[in-house]
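K.L.:
based on what follows, work out the 3D shape:
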Amino acid sequence: MERGGVPAKGEAPIRTQTSRARAQPEGANGARARTAAPNPDRPWAGGRPRAAPSTRPDAPATYSPPHPPAMCRFLLYQGPTIRLSSLITEPAHSLIHQSVHSKEREEPLNGDGFGLAWYAPRLESRPALFRSVTPAWNDANLNELARVVESPCVLAHVRAATQVRSVNQANCHPFTHGPYAFMHNGDVGGFHRLRRTLISELSDEAFAAIQGGTDSEHAFALLLEHLPVSDATLDQMVAGMRSTIRRLLALIERVTPGEPSYLNFALSNGSTSVVTRFTSHPGYEGESLYLHRGRRYVCEEGMCRMIEPDEHGSAVIVSSERLSEDPGWESVPPNHLVMLDGQGGAQLEPIFAQSAAAPAGSWGIAAPLRRG
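P.N.:
Purely as a prediction, here's the structure:
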């Protein structure tokens, strides 16, 4: 999602309301849960660095871009058919639990809507979609749906709005188009100033796919330019993801240079998937992302764990936070992608190979990029 707007020259930084102020659940004693106020003497408090002072020539000398904003949480499951509740509601640290008590964010609440996309390959190739503006922890329909729906491929997301504060269904993730489902945890740097230029790069079909106002959906539209209309191979999806990130970084450098981006993207066609952990923010590793592969994930009598695979094969889970205390969860390295091959396998690769000749932070962009 997106960060608050950058103030005009000479203006004070804009302070915007967070989801915590809008939808704060009560604790056991009835008191509102609180998080510690930022400490200016501890710029790394909470595990996130504050951005370095802006190097843009038009920026006031006293202005520094804000530190990384509150982010969303998501997970992607691919493997043997599983009930949605095994991912969404049953685990001790399920996505529902993360929507209230996120362990790896300064702001623990994600109360600006949620969504699920899942595939039913025996019926059709397009994913089913359920999204709502209510907080995930307070939606009875979600509990009823998750209890009876099964799928071999699930994308789930809880939202903490940032740049685009509007809470409506069109702005909830995941987003779908044809056989593809997409979601984002993070922020496209300087999106409000970048939006018109980004739209001008889109074909009519990709532009028509945008229904809301988030940077995430605009990034998805740009990604669609690099994917075939029908099903893509895993190699095509990986190439499309890399090209999309390159183009976003090139646009940012041209329109609003120096703005950091946080691009944890997840893309699936129901058979294969690609997930990224990326940031252009110097000195910051990016939003958390974990991978579990090679085992089977089950929930029995309220206990969720990883077990040895059976004749149905193994599963891969990629999640903003660990779903269980089982060994085997790997932290995805910064600026890497995870490739899910649809056969229970997953591989990690750097998103970009930095060449010795490329300047730091260029991400291999040597010339203006053309639409793929």
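K.L.:
identify the residue nearest Glu90 in space, chain neighbours excluded?
P.N.:
Cys299 (4.5 Å; Cβ to Cβ, 6 or more residues apart in numbering). Quick note: C-beta positions are derived from backbone N, CA and C, even for glycine.
K.L.:
give the contact list for that neighbour.
P.N.:
Residues in contact with Cys299 (Cβ atoms under 8 Å, 6 or more residues apart in numbering) are 83, 85-86, 90-91.
K.L.:
got it, and Asp326?
P.N.:
292, 295, 305-306.
K.L.:
take these and keep only those in strands.
P.N.:
292, 295, 305-306 (DSSP state E).
K.L.:
closest one of those to Ser125?
P.N.:
His292 (26.3 Å; Cβ to Cβ).
K.L.:
export the contacts of Asp326 to a markdown table and append columns for pLDDT.
P.N.:
Shown next, in a markdown table, are the contacts of Asp326 (pLDDT from 0 to 100):
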| residue | pLDDT |
| --- | --- |
| His292 | 93 |
| Arg295 | 86 |
| Arg305 | 78 |
| Met306 | 80 |
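K.L.:
rounded mean pLDDT for stretch 190-210, please.
P.N.:
For stretch 190-210, the mean pLDDT works out to 95.
K.L.:
what comes up buried for that stretch?
P.N.:
190-192, 194-195, 198, 201-202, 206, 209-210 (16 or more other Cβ atoms under 10 Å).
K.L.:
which two in those residues are spaced the farthest apart?
P.N.:
Gly190 and Ala209 (22.3 Å).
K.L.:
just to revisit the earlier point, okay, now the sheet partners of the helix or strand hosting the residue nearest to Glu90, with direction.
P.N.:
Applying DSSP states H and E as the criterion places Cys299 in strand 290-300. According to DSSP bridges, strand 290-300 has the following sheet partners: strand 303-307 (antiparallel), strand 315-319 (antiparallel), strand 330-331 (antiparallel).
K.L.:
can you redo these as TSV with distance to Ile252 and mean neighbour count?
P.N.:
As requested, the strands paired with strand 290-300 are exported to TSV (distance: least, Cβ to Cβ, whole Å; neighbours: other Cβ atoms under 10 Å):
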stretch	distance to Ile252	mean neighbour count
strand 303-307	39	16
strand 315-319	25	25
strand 330-331	26	14
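K.L.:
and which of the ones in strands among the contacts of Asp326 is nearest Ile317?
P.N.:
Nearest member of these to Ile317, counting by Cβ to Cβ, is His292, at 4.7 Å.
K.L.:
mind listing the residues bridging to the closest one?
P.N.:
Beta-bridge partners for His292, by DSSP bridges, are Ile317.
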